[in-house]
Each structure stands twice: as structure tokens, then as C-alpha cells.
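S.K.: Fold the following.
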Amino acid sequence: QVHLVESGGGLVQAGNSLRLSCAASGRTSARYTMGWFRQAPGKEREFVAAISRGDGNTYYADSVKGRFTISRDNAKNTMYLQMNSLKPEDTALYFCAAGYGSIKIQDGYEYWGQGTQVTVSS
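M.R.: Numbering: from 1, shown residues only. Here you go, the predicted structure:
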């Protein structure tokens, strides 16, 4: 069992940066592939980024590639999402997740946080 808590969301102007954190408690997060998903109002939850267990390979949605960076600190049981050059279309509720399954699919994750809101003004 893993309990996930996101933090770091907020209101920023377009072009600025935010860093989200996902703190895991319970079983060590190093056992799991960790991912970020987001859900904008009226839209389905979508994949943003993920980092695999073991080799630490990273994966990104095309919409954030080159602007967002995912990382993890296994010693701190924490995952991060550095978001640069933010755009209004990045506005969403951001969720972190942990799992063993398919990396870019929600069903691949067993554990989810409650989300942190990111709002980007134009």
C-alpha cells in the first residue's frame, strides 16, 4: 500500500515555472513506476509524464515534451515534476500515481493522490 500526496500547485502567469512534488508513504516508491496525469475541466484525465522503476527511464506526452521534467528521489520517497514555460492549456488538476502496469495508461497505476491544482493565466 502506498499513500501519495501532491504539493506545489498554484496560480502562475504564462511563461513561468512551477515544481510539483509527490510524497509517498507506506511501501517505498522505488518499487513502482511513478507517473503524473492531469485533468482539465470538462476533459478526461490524460497522461503527462512517467519515470520507470529500476532504470529510471522517462516518458512524456508530446504536449509537454521539452518543457516538463520528471524526476524522483528514492531516498526521500518523492517524485517531482518541473514545469517550465507554462501555458494556459496546462491548467488542470495534476495527479501523481504509482503502479506496475502500462506507463501511459491510467489503468497501469494502482495508487493515486488527491491532486494539486495548477492554473496558468495568460
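
S.K.: rest of the way, CA atoms for contacts and neighbours
M.R.: Will do.

S.K.: Check which helix or strand the most centrally placed residue in the chain maps to.
M.R.: Note on the chain: the residue nearest the mean C-alpha position is Trp36, at 2.4 Å, using CA atoms, centre = their mean. Element membership for Trp36 (DSSP states H and E) is strand 33-39.

S.K.: Would you mind writing the CA trace of that strand as CSV?
M.R.: Taking only C-alpha atoms (Å, rounded to 0.1, in the frame of the first residue of the first chain), the coordinates of strand 33-39 have been written out as CSV:
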residue,chain,number,x,y,z
THR,A,33,6.7,3.2,-11.9
MET,A,34,5.6,6.7,-10.9
GLY,A,35,3.6,9.0,-13.1
TRP,A,36,1.8,12.3,-13.5
PHE,A,37,-1.6,12.8,-15.0
ARG,A,38,-3.8,15.8,-15.3
GLN,A,39,-7.4,16.6,-15.8
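
S.K.: Kindly provide the distance from the most far-flung residue of the chain relative to its centre to Gly113.
M.R.: The C-alpha centroid of the chain is most remote from Ser122, which lies 22.4 Å away (CA atoms, centre = their mean). Distance from Ser122 to Gly113, counting by CA to CA, to the nearest Å: 28 Å.

S.K.: For the residue farthest from the centre of the chain, give me its contacts.
M.R.: Contacts for Ser122 (CA atoms under 8 Å, 6 or more residues apart in numbering) come out as 13-14, 87-88.

S.K.: TSV please, covering those and showing secondary structure and distance to Ser7.
M.R.: TSV is the format used below for those (DSSP: H, G, I helix; E, B strand; the rest coil; distance: CA to CA, whole Å):
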residue	secondary structure	distance to Ser7
Gln13	strand	18
Ala14	coil	20
Lys87	coil	19
Pro88	helix	19
